[in-house]
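Novice: Output the structure for:
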Amino acid sequence: MALSRIWSGFIIVAILVAGYRCFFAGDDQIFSRMVIGKADEAYETVYYQMVGEPEKAGLRSREDFAAYLAGYGYVPADSAHPPTVLLARHAAADSVVTLSSIYPTAQVYTFRSIQHKLVKKTDGIIETCKSAVNICIGLIGVMALFMGFLSIAERAGGVRLMSRMIWPFFSKIFPEVPKGHPAMGHMMMNFAANLLNLDNAATPFGIKAMESLQELNPNKEKASNAQLMFLCLHAAGMTLIPVSIIAARSAVKSASPTDIFIPCMIATFVATITAMILVAIRQGINLFQTAILAWVGGICALIALLVIYVNSLSADEVQSFSALLSNSLILVIFLLIIFGALYKKVDVFDAFVDGAKGGFETAIRIIPYLVGMLVAISMLRTSGTFDVIINGMKHFFASLGADTRFVDGLPTALIKPLSGSGARGMMVDTMKTFGPDSFAGRLASILQGSSDTTFYVVAVYFGAVAIKNTRYAIGTMLLADLVGILTSIGLCYMFFG
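Specialist: Okay, the predicted model is just below:
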């Protein structure tokens, strides 16, 4: 129901805004752009001249900033084409005033203020429908590959092995669950499936866990402490391999679809730890127990060392290191899965084929959802609704002296708590609009992997056991989401500058 309201709201608002722009603002081409517009239409050429260096305003190098402007049709002025736009760190600088007297018709912007004036051309409804189907077709191969290997891991007992490894930790944060109770096994299977991105397995295990925990719940209509801890940790979405995100980036022709692997892993870990701390404080759980400190401290230490090392590298070295580490980890995981399956005498290829079928079915099944969401988002973009919201946010952050590139990736984070498919569509739309390897495209990918869908999780898991009083579940999940968003933005700047 929530998704239906979001989708309907998108379309209604887009059409109303377009109607206002058509009948009151004189934009008589807006309806045509919404239906048959194309993203590859040429921009009107704008000639500009830079005064000073963007780096001194906290932005990218002069060359990078020029390349960024070129994506919007901005070309450096020359002797044959005088500037119509002047860019500077301060609009009132003496050098700008001098140039303004030479070019009196030129508009003056700061390096930051120009950013909220830039609008990407996007596809209309017809082209968006074609793109959505092409994206899903591109997903088939990658999803089949990963789902095939994950099926091998499941048959080889990899999920059960991970469950046994994390038992000492889980027994401390779920003190109300007795040792040997089925709920513990179901919860550990759910988290292990999440780590491996086994969505089809994670949901059934999660519902079984909630049903088992409900047996221990003295008040059947009120969420128990154990149920709250489980659901908040689940909603934080700790994932080892963001398969669907990598597949989506590959489908839109990213040069390095796996380069968001490490940032995603760190962001989702931070969100998960935040959720655990918040719930533990509410429930009076001592987080300074040896098992908890050993697990959390060990992982934090590894991530801290990784962050320290990344900070010591240049921007190009960071991207190279991230791609190398991400790709090597994926290959090592594949290798371990194969070795484990051979040791357990699993029919490896048969398991792979069965899992790959699931990947094919998943990619095909999401076509209607992706078409629907991308069409609604396209209407928001082409109607100018997004421009109003995003440019308003850019203007706000620019007035604070902050870089505004991250704002273009925020729609994914804003929709994620409400709708997983909506956020996925927003992520794909951002990558299509700005490019999968752009700052906004990478940030949207990291944001997509930093948390789960809060309201969907609450509805499905609590609904499965008829819980009416969810206590502090939603507030805790949303706060963990916020921490994940802020962490994702910081990591995107750290890894991709």
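
Novice: just the helices in the stretch 351-497 of the chain please.
Specialist: Assigned by DSSP state H, counting those that start in this stretch, the stretch 351-497 of the chain shows helices spanning 367-383, 385-399, 410-415, 420-434, 439-448, 454-457, 463-464, 473-496.

Novice: counting contacts, what elements does the longest helix anywhere in the chain pack onto?
Specialist: For the chain, the longest helix by residue count, based on DSSP state H, is helix 125-155. If you count contacts as 3 or more Cβ pairs under 8 Å, 6 or more residues apart in numbering; DSSP states H and E, helix 125-155 packs onto helix 30-36, helix 243-251, helix 315-343, helix 348-365, helix 367-383. (C-beta placed from N, C-alpha, C; glycine too.)

Novice: Any idea which of the helices of the stretch 351-497 of the chain gets closest to T268?
Specialist: Judged by Cβ to Cβ, the one of the helices of the stretch 351-497 of the chain that comes nearest to T268 is helix 473-496, at 6.9 Å.

Novice: Show me what counts as buried in that closest one.
Specialist: Taking 16 or more other Cβ atoms under 10 Å as the neighbour-count basis, helix 473-496 is seen to contain the buried residues 473-474, 476-477, 479-481, 483-485, 487-492, 494-496.

Novice: And that helix, what does it pack against?
Specialist: helix 225-236, helix 261-283, helix 290-311, helix 315-343, helix 410-415, helix 439-448, helix 454-457.

Novice: Apply 7 Å and report the result again.
Specialist: helix 225-236, helix 261-283, helix 315-343, helix 439-448, helix 454-457 (3 or more Cβ pairs under 7 Å, 6 or more residues apart in numbering; DSSP states H and E).

Novice: Helix 439-448 and that helix, what's the angle between them?
Specialist: Using axes from the mean of the first three to the mean of the last three Cα atoms, to 10 degrees, the inter-axis angle of helix 473-496 relative to helix 439-448 is 140 degrees.

Novice: For helix 473-496, the averaged confidence score.
Specialist: The average pLDDT for helix 473-496 rounds to 88.

Novice: send the alpha carbons of that helix over as CSV?
Specialist: Output of helix 473-496 as CSV, limited to C-alpha atoms (Å, rounded to 0.1, in the frame of the first residue of the first chain):
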residue,chain,number,x,y,z
ALA,A,473,11.3,-0.1,16.3
ILE,A,474,10.6,2.5,13.5
GLY,A,475,12.4,5.3,15.3
THR,A,476,15.5,3.2,15.9
MET,A,477,15.6,1.9,12.3
LEU,A,478,15.2,5.4,10.9
LEU,A,479,18.0,6.8,13.1
ALA,A,480,20.2,3.9,12.0
ASP,A,481,19.3,4.8,8.4
LEU,A,482,20.3,8.4,8.9
VAL,A,483,23.7,7.3,10.3
GLY,A,484,24.1,5.0,7.2
ILE,A,485,23.3,7.9,4.9
LEU,A,486,25.8,10.2,6.5
THR,A,487,28.4,7.4,6.5
SER,A,488,27.7,6.7,2.8
ILE,A,489,28.2,10.4,1.9
GLY,A,490,31.5,10.5,3.8
LEU,A,491,32.8,7.3,2.2
CYS,A,492,31.9,8.4,-1.3
TYR,A,493,34.0,11.5,-0.8
MET,A,494,36.8,9.4,0.7
PHE,A,495,36.9,6.8,-2.1
PHE,A,496,35.8,8.8,-5.1
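
Novice: Need the contact partners of it.
Specialist: Contacts made with helix 473-496 from outside it, assessed by Cβ atoms under 7 Å, 6 or more residues apart in numbering, are listed as 223, 228, 231-232, 235-236, 263, 266-268, 270-271, 274-275, 278-279, 310, 318-319, 322, 406, 413, 417, 439, 442-443, 446-447, 450-451, 454, 458.

Novice: Now do it: distance to the chain's middle.
Specialist: When distances are taken as Cα atoms, centre = their mean, to the nearest Å, helix 473-496 is centred 10 Å away from the chain's centroid.

Novice: Now do the domain split for this protein, please.
Specialist: Segmentation of the chain into domains, based on automatic domain parsing, reads 42-120, 125-496.

Novice: Of all those, which one is nearest R5?
Specialist: Using Cβ to Cβ as the criterion, the shortest distance between R5 and the domains of the chain is 9.0 Å, found for domain 125-496.

Novice: The closest residue to R249 other than its chain neighbours: how many residues sit nearby?
Specialist: Of all residues beyond its chain neighbours, the one nearest R249 is P257 (3.7 Å), with distances taken as Cβ to Cβ, 6 or more residues apart in numbering. For P257, the neighbour count with other Cβ atoms under 10 Å is 23.

Novice: which residues does M210 contact?
Specialist: If you count contacts by Cβ under 7 Å, 6+ apart, M210 has them with 227, 461, 464-465.

Novice: now do 6 Å
Specialist: Applying Cβ atoms under 6 Å, 6 or more residues apart in numbering to M210 gives the contacts 461, 464-465.

Novice: Is it possible to mark the buried ones in those residues?
Specialist: With neighbours counted using 16+ other Cβ under 10 Å, the contacts of M210 contain these buried positions: 461, 465.

Novice: Take the contacts of M210 and lay them out in a markdown table including distance to L150.
Specialist: Rendered in a markdown table, the data for the contacts of M210 read as follows (distance: Cβ to Cβ, whole Å):
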| residue | distance to L150 |
| --- | --- |
| Y461 | 22 |
| A464 | 24 |
| V465 | 28 |
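
Novice: Including pLDDT and distance to F397, could the contacts of M210 go into CSV?
Specialist: Below are the contacts of M210 laid out as CSV (pLDDT from 0 to 100; distance: Cβ to Cβ, whole Å):
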residue, pLDDT, distance to F397
Y461, 78, 36
A464, 77, 41
V465, 83, 42
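
Novice: Low-confidence ranges, the stretch 1-150 of the chain, go.
Specialist: Counting by pLDDT under 70, the stretch 1-150 of the chain contains low-confidence residues at 1-3, 6, 56-61, 94, 116-117, 119-120.

Novice: ranges for the strands of it?
Specialist: Ranges of strands within the stretch 1-150 of the chain are 46-51, 74-76, 85-88, 107-110, based on DSSP state E, counting those that start in this stretch.
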